[in-house]
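In: model this:
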Amino acid sequence: MLFAAGRGTRLKPLTDTMPKALVPVAGTPMLEHVILRLKAAGVTELVVNIHHFGEQIIEFLHARQDFGLTVHISDERGALLDTGGGIRKAAPFFEGREPFLVHNVDILSNADLRQLYTDHLSSGHEATLLVSPRPTTRYLLFDDRQRLCGWIHKGTGQTKPEGFTYSPSLHQEYAFSGIHVFSPSLFRYMDQRWEGPFSITDFYLAVCRQAYIGGCIRPDLQLMDIGKPETLAKAEDFLTRSGITVTER
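Out: Residues are numbered from 1 along each chain as shown. Take a look at the predicted model:
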């Protein structure tokens with residue numbers, strides 16, 4: 001599943017006339033960069049959620065013949081549902097037991113997506129979150145078995161979930177990449193408490209005591225959030241330096 005529904009408010013005025021997913025990076029729309037990376041990793045079927053200027057994304061995909069993939073549209077033009085709500089709405093596309101990869105459209109990385117998926121299958125996790133030890137103010141916290149335990153905002157000291165106590169000696173701090181693998185078994189926890197917009201990170205934190213939410217830790221992960229003007233300007237150099245550019249054959 002590819003999250004392409006965001007309003008892209010940080011990229012105004014570019015997003016006054018187009019969706020964030022179609023903002024060009026080194027001359028190529030964000031959406032195309034990520035789809036080609038997913039295709040190179042072996043993805044053959046894709047769910048794309050849409051909201052802001054969603055019709056432009058549909059037209060773009062049609063013009064590119066869906067990049068040779070089977071593409072489904074999860075239409076959120078009526079109401080933007082955030083990452084968790086977006087996955088919940090798209091649940092009918094993921095019937096059965098097969099886990100699916102989730103990727104933000106505004107993330108570029110050198111992650112081995114195929115290996116991440118393989119690692120998830122062999123892990124026994126119900127979700128596997130790609131994380132790394134990079135500097136940030138908000139960290140996911142894992143125990144020595146790489147199981148998600150909590151979250152902390154280092155600037156304010158706020159922690160989640162309710163009742164969680166952070167211990168530097170027990171918990172390892174990692175930054176989330178926005179890339180993860182989700183097993184449909186987790187949908188059983190998305191009851192009426194999880195209606196409307198909600199963050200998938202908040203969902204993971206709420207269920208991590210019942211479900212095994214694991215981390216895939218990659219110290220060598222190179223990652224760039226291209227949803228901000230200052231990083232958008234640096235993205236071409238990042239693509240070249242990290243060697244992650246993929247072109248359609």
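
In: show the average pLDDT along the longest strand anywhere in the chain.
Out: Longest strand of the chain, by residue count under DSSP state E: strand 172-182. Strand 172-182 comes out with an average pLDDT of 97.

In: ok, then the element right after that strand?
Out: helix 200-207 (DSSP states H and E).

In: against which helices or strands is that next one packed?
Out: helix 82-89, strand 148-153 (3 or more C-beta pairs under 8 Å, 6 or more residues apart in numbering; DSSP states H and E). All C-beta atoms are positioned from the backbone trio N, CA, C, and that covers glycine.

In: now it: mean pLDDT?
Out: Helix 200-207 comes out at a mean pLDDT of 98.

In: who touches it?
Out: Defining contact as C-beta atoms under 8 Å, 6 or more residues apart in numbering, one finds that helix 200-207 is touched by 82-84, 87, 102, 127, 129, 140, 148, 150-151, 160-161, 176, 180, 186, 189-190, 194, 213.

In: shaky segments in this structure?
Out: By pLDDT under 70, the weakly predicted segments of the chain are 242-249.

In: for it, identify the residue most remote from the centre.
Out: Going by C-alpha atoms, centre = their mean, the residue of the chain most distant from its centre is Ser169, 28.8 Å out.

In: can I assume that one sits in a helix?
Out: No. Secondary structure of Ser169 (DSSP: H, G, I helix; E, B strand; the rest coil): coil, not part of a helix.

In: in ChimeraX, select just the buried ones from the contacts of helix 200-207.
Out: The buried residues among those can be selected in ChimeraX (16 or more other C-beta atoms under 10 Å) with this line:
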select :82,83,84,87,102,127,129,140,148,150,151,160,176,180,186,190,194,213
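
In: contacts only, for the nearest residue to Leu81 once chain neighbours are set aside.
Out: Leaving aside its sequence neighbours, Leu81 sits nearest to Pro197 (C-beta to C-beta, 6 or more residues apart in numbering; 4.9 Å). Contacts here follow C-beta under 8 Å, 6+ apart; on that basis Pro197 touches 79-82, 84-85.

In: can we see that at 7 Å?
Out: Shown in contact with Pro197 (C-beta atoms under 7 Å, 6 or more residues apart in numbering): 80-82, 85.

In: go through stretch 205-224 and flag the buried ones.
Out: For stretch 205-224, by 16+ other C-beta under 10 Å, it's 205-208, 211-216, 218, 221-224.

In: same check on stretch 162-174?
Out: Counting neighbours by 16+ other C-beta under 10 Å, one finds that the buried residues in stretch 162-174 are 164, 171-174.

In: go on, stretch 107-115?
Out: Under 16+ other C-beta under 10 Å, the buried positions of stretch 107-115 are 107-111, 113.

In: quick one: residues in contact with that stretch.
Out: Contacts for stretch 107-115 (C-beta under 7 Å, 6+ apart): 33, 37-38, 41-42, 101, 130, 177-179, 218, 221-226, 235, 238-239, 242, 244.

In: what is the end-to-end distance of that stretch?
Out: End-to-end distance of stretch 107-115: 18 Å, with C-alpha to C-alpha, to the nearest Å as the criterion.

In: figure out how far that stretch is from the centre of its chain.
Out: Distance, stretch centre to chain centre, for stretch 107-115: 11 Å (C-alpha atoms, centre = their mean, to the nearest Å).

In: and for stretch 173-193?
Out: On C-alpha atoms, centre = their mean, the centre of stretch 173-193 falls 10 Å from that of its chain.
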